[in-house]
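> My questions are about this predicted structure, shown below with the sequence.
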Amino acid sequence: DTWWRSKIRQDRKDRSVVQVQLEVAVVLAAGEGTRMKSQTPKVLHQIAGRTIIEHLLTEVHALSPKELRIVIGSGRELVEPHLKEVSPNSKIVIQEERNGTGHATQIALADLSRKGTVLILAGDTPLLKGATLKEFIESHHANKSVASVLTAELPDPTGYGRIVRDSDGAIEAIVEERDATEDLKLIDEINTGVYLFDIETLKEHVKKLKKNNAQGELYLTDVIKEIKDSGAKAMAILALDFTEILGINDRVQLADAAALMRDRINERHMLNGVTIIDPTTTWIDATVEIESDVTIYPGSWLVGKTKIGKKSVIGPRTTIKDCLVKEAASIVESNVTGAEIGCCANVGPFTFIRAGTKLADYAKVGAYVEIKNSSIGDGTKVPHLSYIGDAEIGSGTNIGAATVVVNYDGVDKHKTKIGNDVRIGSDTMLVAPVEIGDGAYTAAGSVITDDIPAGAMGVARGKQRNILGWVLRKRSGTKSAESARRAGATEN
């Protein structure tokens, strides 16, 4: 490190925390995003359960700015409704013609009457943390700066504007890569696109911007030089973790950012007492809640508004979306969506549980079972090879292998009710609507079309008859016939 980088770090340790109210935050999200090669606007692509811009806005909201403005342009018909959902109190500013960050800032500030500090940042930086922004704001005010730029040192700074400092370590200029000389391209400290300005000073200088650059656009970075030339104080403040500022311009960078977010989320859960056997193959959305002493095995994906109770075991190779999983449940090699899994319940392997399903405490749903929009009572077992749809099953019941609840007649869905302590024989078809009373049985292989009273046995199958000598007569010369003859069978 040069002496001034060391000094910046030491100043952060020495200074007292400055509590500052942020007047305005401006998010620039009007870009075309052409390198994404997508019909979806760039900022609406998802990482860990949130859109790119939603991740950023979540961190900005934590700063509690008095006003938040978001500049949009490309894909506004999709972006605007999303912003109204995730940031309903923000003001949407439309940039009809994209003429650079300077132009976007001009229109964002056009009718702004507030005084104080404005934070400006790009909408495609989902990894930026609120804690970093808070420290940036505190440093800006501790330095009594008119303008500050958040910078970072990248292993490969290609594509980013370079920070040029003077001999005292203060910022001298920001040079975009297209306009940089070969010597300037060797600088590894880059502009992150995150700025703080005194509002009145910014409004004064941003209206003077000119398109004297290779892109023919208005650069917000040129305001820094104007402020510096006017004799006011402009500072560059170094971010300690360069990964936070990485922007997204294509699908490769999207995947890189997703992996970084995955690692960050997994680390947080592990530090909170969750065991993740293989963090590199475990993907958890930012919206998921997990209690302590949960164990997650490799290849698992926890999505949406999922909540996992303490001491549960998840995976391997399990997907859980928008589910409530209660304490000490186990879900192994299964796909579960929109369901509630009770305490100590067991699911899997190779189970598909669909929306609207509720498993009570100690319920078991075994291998190759599909359940949809059904409630399974305390201690009830659906061990294997069954389909349960639109059913209500009581407690202590056992559903035999290959049972099918025939809930759909080709037009409408119908309800099946199965009571407590019922025994459904293997290969039973329950043709809804039908009700099985408490303690009732069904004979294996039955097709049940009528209600079965409590304590009764439902039998609905043809009586078996044996046709003696059939194999010898109809399959003469086969191995079956030879074996039958040796066993004493005759044609009569």
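Thanks, I have it.

> all helices of the stretch 51-200 of the chain, in order?
Under the criterion DSSP state H, counting those that start in this stretch, the stretch 51-200 of the chain contains helices at 52-61, 76-86, 101-109, 130-142, 199-206.

> Tell me what angle the first one forms with helix 130-142.
In other words, helix 52-61. Counting by axes from the mean of the first three to the mean of the last three C-alpha atoms, to 10 degrees, helix 52-61 lies at 50 degrees to helix 130-142.

> just the shortest one next, same as before
Here helix 199-206 points in a direction 90 degrees away from that of helix 130-142 (the same axes, to 10 degrees).

> tell me what the helix or strand just after helix 199-206 is packed against?
Sequence-wise, the next helix or strand downstream of helix 199-206 (DSSP states H and E) is helix 221-229. Using 3 or more C-beta pairs under 8 Å, 6 or more residues apart in numbering; DSSP states H and E, the elements in contact with helix 221-229 are helix 101-109, strand 147-153, strand 171-175, helix 199-206, strand 234-238. Placement of C-beta: from N, CA and C, glycine included.

> Check the offset of helix 221-229 from the chain's centre.
A distance of 39 Å separates the centroid of the chain from that of helix 221-229, by C-alpha atoms, centre = their mean, to the nearest Å.

> got it, and stretch 153-161?
On the basis of C-alpha atoms, centre = their mean, stretch 153-161 sits 28 Å off its chain's mean C-alpha point.

> I figured L133 hits L63, correct?
Yes: between L133 and L63 there is a contact at 6.0 Å, judged by C-beta atoms under 8 Å.

> Neighbour count for those two, which is higher?
Applying other C-beta atoms under 10 Å to L133 and L63 shows that L133 carries more neighbours, namely 24 against 16.

> tell me the contacts of that one?
59-60, 63, 119, 121, 194 (C-beta atoms under 8 Å, 6 or more residues apart in numbering).

> ok, back up a step: now the helices and strands packed on helix 221-229 in a markdown table, with mean pLDDT, distance to V24 and mean neighbour count?
Output for these, formatted as a markdown table (pLDDT from 0 to 100; distance: least, C-beta to C-beta, whole Å; neighbours: other C-beta atoms under 10 Å):
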| stretch | mean pLDDT | distance to V24 | mean neighbour count |
| --- | --- | --- | --- |
| helix 101-109 | 94 | 8 | 23 |
| strand 147-153 | 95 | 15 | 23 |
| strand 171-175 | 87 | 22 | 21 |
| helix 199-206 | 94 | 7 | 19 |
| strand 234-238 | 91 | 19 | 23 |
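
> Identify whichever of these lies nearest to L127.
strand 147-153 (11.3 Å; C-beta to C-beta).

> still on that earlier bit, which residues are in contact with each of L133 and L63?
Joint contacts of L133 and L63 (C-beta under 8 Å, 6+ apart) are L119.

> Looking at the contacts of L133, which is nearest D250?
Nearest member of the contacts of L133 to D250, counting by C-beta to C-beta, is L121, at 20.2 Å.

> Look up the closest residue to that closest one, ignoring the ones flanking it.
Nearest residue to L121, sequence neighbours excluded (C-beta to C-beta, 6 or more residues apart in numbering): V194, at 4.5 Å.

> buried stuff in stretch 405-420?
Going by neighbour count (16 or more other C-beta atoms under 10 Å), the buried part of stretch 405-420 is 405-407, 414-420.

> quick check, nearest of these to G469?
Distance to G469, by C-beta to C-beta, is smallest for V406 among the buried residues of stretch 405-420, at 37.2 Å.

> nearest spatial neighbour of that closest one, skipping sequence neighbours?
Closest to V406 by C-beta to C-beta, 6+ apart is V431, at 4.5 Å.

> count of residues packed around the residue nearest to L121?
There are 23 residues near V194, going by other C-beta under 10 Å.

> okay but it is in contact with I245, surely?
Yes: at 7.0 Å, V194 counts as touching I245 under the criterion of C-beta under 8 Å.
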